[in-house]
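In: Just a sequence and a predicted model for now, questions to come.
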Amino acid sequence: MKILDKYLLKLFISTFTTVFVILFFIFILQTVWLFIAELAGKDLDFISVIKFLLFAMPRVVPLVLPLSVLLASIMTFGSLAENYEFAAMKSSGISLGRAMKYLTAFILLLSVVAFIFANNVIPYAEYKFINFRRNIAQVKPAMAIAEGQFSEVGTYTIKVEKKSGDEGRYLDKVTIHKKANFSTGSSTIIKAKKGELISSENSNVLKLVLKDGHYYEDIIPKKYEERNKVPFAKSDFQKYVINIDLSKLNNVKLDEEQITNTNTMLTVGELNYTLDSLSKNYKKDLISYVDNISERTGIITSKPAVGVPNIAIDTINVSNKFQNNTLLSNFNKSEKEQILKVASSNIETNKFSIESSKYEFEGKVKNINLHWIALYDKFVIGFSCILMFFIGAPLGAIIRKGGLGLPIVFAVMIFIIFHFVNTFGKKLAQENGITPFLGCWMSTIILLPLAIFLTKRATNDKGVSVDFDWFTNSIAFVTKLLKSKNPKLQASENISEIKGVSEDTKAIQKKEEVIDLISISEKTNQYNKLSLVALFVNIFLLILFIIDIENTIMQILKVVLILALLVLIYISQTKFDRILNLTNQKNNINKYIVLLAGFPFYILFYFYNKGFIKDSQRTPQHNN
């Protein structure tokens, strides 16, 4: 390792450490603010609060680490470029890629450490954190009833609009949900205008006195056909007393651990084992349920054994009265009514069973998806560090700004995009809208072209210029189309064009000696075909997203069409750039910008490019 490599590594590590500590402290404060309602009023000692923070710290690392790498790389390489240290390195024959060599090795090592941390430390911390939160929530349940939100106390979920008096004992506008009885499936809701909490230090019973309220309870009929009516019982009361048993809640050990099986608590090996079990159980339950429904409805799609002819119809001695008439016509009126009543009851029963089982199977699929997301997240954390480095390092070299000004702006913008897409992808995958793999890696897939583009530009000593002349040109093109309907305005524009051509005759003649009109025509025809196909694909994609059909095949089709659109845009924009090179024109829009913003804005780029080609080809025609 040379002195330069040591210098760069020391500079980057010092910047990274400083940024990481600052951001880590900010995110910890945000965590404290998020869970302050669970800590306040619990009379916790200092050690318990420190434990809470220690258990919460590892869960913020997946957010802090990629952002720290991004910001540190922008600041480090931006400072080197701003102080002309890169210029000195390049004059000595050291390229940007060579300067990033040992830093890349450090980032790779950091990504491995991040994976090990995510696979071992974070699951253990989540295991401790979730159990610690659960135990804290059971301490002093009277204080756990917060204003304006539902709070769980024993077997009740309580919400109050306002608390007053000593220790908040007087309650206004109380809403109570009693946990459903799974044997009957019924649920109970109690609403009261006033309430009062009465308790004593020596008693394990918390008395909740409600005044001037209503009591609602669902009634589950025994007959399935009556369940769609959703009947319920209602009663009014002037005073209603609820006794909440606190014997279990008051004997809470904060270090007790009862929850052990959530997906965030598992390592990669445990997740693979759990996913295998969940998938097998899901398939087994689904097959069992389908067979059960088939037997209950009498629909059994069994096939005859191999080699045995299906001659059951020929061998059954069917009486003549069943051959030419419908089945019901062979019964009298009372028997028909009884048959139809039984059939209707069976249909309602099966319908209710299918609808209730639908939510159960959807919950199982959601649980499987959550485990897949937890598995992929452990790999995404490590790879995101590499991605952020290859975005931040070349970006810092390009913008040539260090310090805490412009680098923070770029880092926050990029990280917001990364975090938003990542959160959106996980939520979509969780609801089975897309595959968990695509949901977790969506942010990486979207930002990976940006990292490649910036690295390529920086290593070739090319900046990134964003020219907005294309926007003004497109507006001018649309204005010209609107004005073309007025003959007087069109005539005045033609006169101005003729004047412009006469003034630039010499320049045009020089261009005509270089331009190969046949090659331009071929390239233009190829571009027109490709861009038209891309336009139709883009419009079709817009229609699919507007319709928003929740179907796995439809989601796969959308992904395939988006990839096809990106390929078509890249090829067509390459053809467009070649046409402009042959006509000595300058392209104001970088093709990578068109690639990133192609969906859903390709329609604008399409008409802009068409107008640009039309204008560039119109100029030599006036000379002829």
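Out: Structure's in. What do you need? Numbers count the residues shown, from 1 in each chain.

In: residue nearest the centroid of this structure?
Out: Phe424 (1.6 Å; CA atoms, centre = their mean).

In: Can you name the element that comes right after the lowest-mean-pLDDT helix or strand in the chain?
Out: Using mean pLDDT, DSSP states H and E, helix 312-315 stands out as the lowest-scoring helix or strand of the chain, at a mean of 45. As assigned by DSSP states H and E, the chain's next helix or strand after helix 312-315 is helix 333-399.

In: For the helix or strand that that next one is followed by, buried residues please.
Out: Counting by DSSP H and E, the next helix or strand C-terminal to helix 333-399 is helix 406-430. Of the residues in helix 406-430, 406-407, 410-411, 414-415, 418, 421-422, 425-426, 428-430 count as buried by neighbour count, 16 or more other CB atoms under 10 Å. For the C-beta atoms, the positions are set from N, CA and C on the backbone; glycine is no exception.

In: Mind putting these into JSON lines with pLDDT?
Out: Shown next, in JSON lines, are the buried residues of helix 406-430 (pLDDT from 0 to 100):
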{"residue": "Leu406", "pLDDT": "76"}
{"residue": "Pro407", "pLDDT": "80"}
{"residue": "Phe410", "pLDDT": "81"}
{"residue": "Ala411", "pLDDT": "84"}
{"residue": "Ile414", "pLDDT": "87"}
{"residue": "Phe415", "pLDDT": "85"}
{"residue": "Phe418", "pLDDT": "87"}
{"residue": "Val421", "pLDDT": "87"}
{"residue": "Asn422", "pLDDT": "87"}
{"residue": "Gly425", "pLDDT": "86"}
{"residue": "Lys426", "pLDDT": "87"}
{"residue": "Leu428", "pLDDT": "86"}
{"residue": "Ala429", "pLDDT": "85"}
{"residue": "Gln430", "pLDDT": "83"}
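
In: Might one say that Leu11 is in contact with Phe77?
Out: No. Between Leu11 and Phe77 there is no contact under CB atoms under 8 Å: 9.7 Å.

In: Those two: who's more crowded?
Out: More crowded of Leu11 and Phe77, by other CB atoms under 10 Å: Phe77, with 32 against 18.

In: how about the helix or strand the more buried one falls within as PDB, C-alpha atoms only?
Out: Taking DSSP H and E as the definition, Phe77 sits inside helix 61-82. Extracted in PDB, the C-alpha atoms of helix 61-82 (Å, rounded to 0.1, in the frame of the first residue of the first chain):
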ATOM      1  CA  VAL A  61     -27.900   0.600  11.400                       C
ATOM      2  CA  PRO A  62     -29.500  -0.500   8.000                       C
ATOM      3  CA  LEU A  63     -30.700   3.100   7.500                       C
ATOM      4  CA  VAL A  64     -27.500   4.900   8.800                       C
ATOM      5  CA  LEU A  65     -24.900   2.800   7.200                       C
ATOM      6  CA  PRO A  66     -25.800   3.300   3.500                       C
ATOM      7  CA  LEU A  67     -26.400   7.000   4.000                       C
ATOM      8  CA  SER A  68     -23.100   7.400   5.800                       C
ATOM      9  CA  VAL A  69     -21.200   5.600   3.000                       C
ATOM     10  CA  LEU A  70     -22.900   7.800   0.400                       C
ATOM     11  CA  LEU A  71     -22.300  11.100   2.200                       C
ATOM     12  CA  ALA A  72     -18.700  10.200   3.200                       C
ATOM     13  CA  SER A  73     -17.800   9.300  -0.300                       C
ATOM     14  CA  ILE A  74     -19.300  12.500  -1.800                       C
ATOM     15  CA  MET A  75     -17.500  14.600   0.800                       C
ATOM     16  CA  THR A  76     -14.200  12.800   0.500                       C
ATOM     17  CA  PHE A  77     -13.900  12.800  -3.300                       C
ATOM     18  CA  GLY A  78     -15.600  16.200  -3.600                       C
ATOM     19  CA  SER A  79     -13.000  17.700  -1.300                       C
ATOM     20  CA  LEU A  80     -10.200  16.100  -3.200                       C
ATOM     21  CA  ALA A  81     -11.500  17.500  -6.500                       C
ATOM     22  CA  GLU A  82     -12.200  20.900  -5.000                       C
END
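
In: Flag the shaky bits of the stretch 201-350 of the chain, pLDDT-wise.
Out: Applying pLDDT under 70 to the stretch 201-350 of the chain flags residues 201-204, 221-230, 245-261, 296-328.

In: Which secondary structure elements does the helix or strand where Asp291 lies sit against?
Out: For Asp291, the element it lies in under DSSP H and E is helix 268-297. For helix 268-297, the elements it packs on are helix 333-399, judged by 3 or more CB pairs under 8 Å, 6 or more residues apart in numbering; DSSP states H and E.
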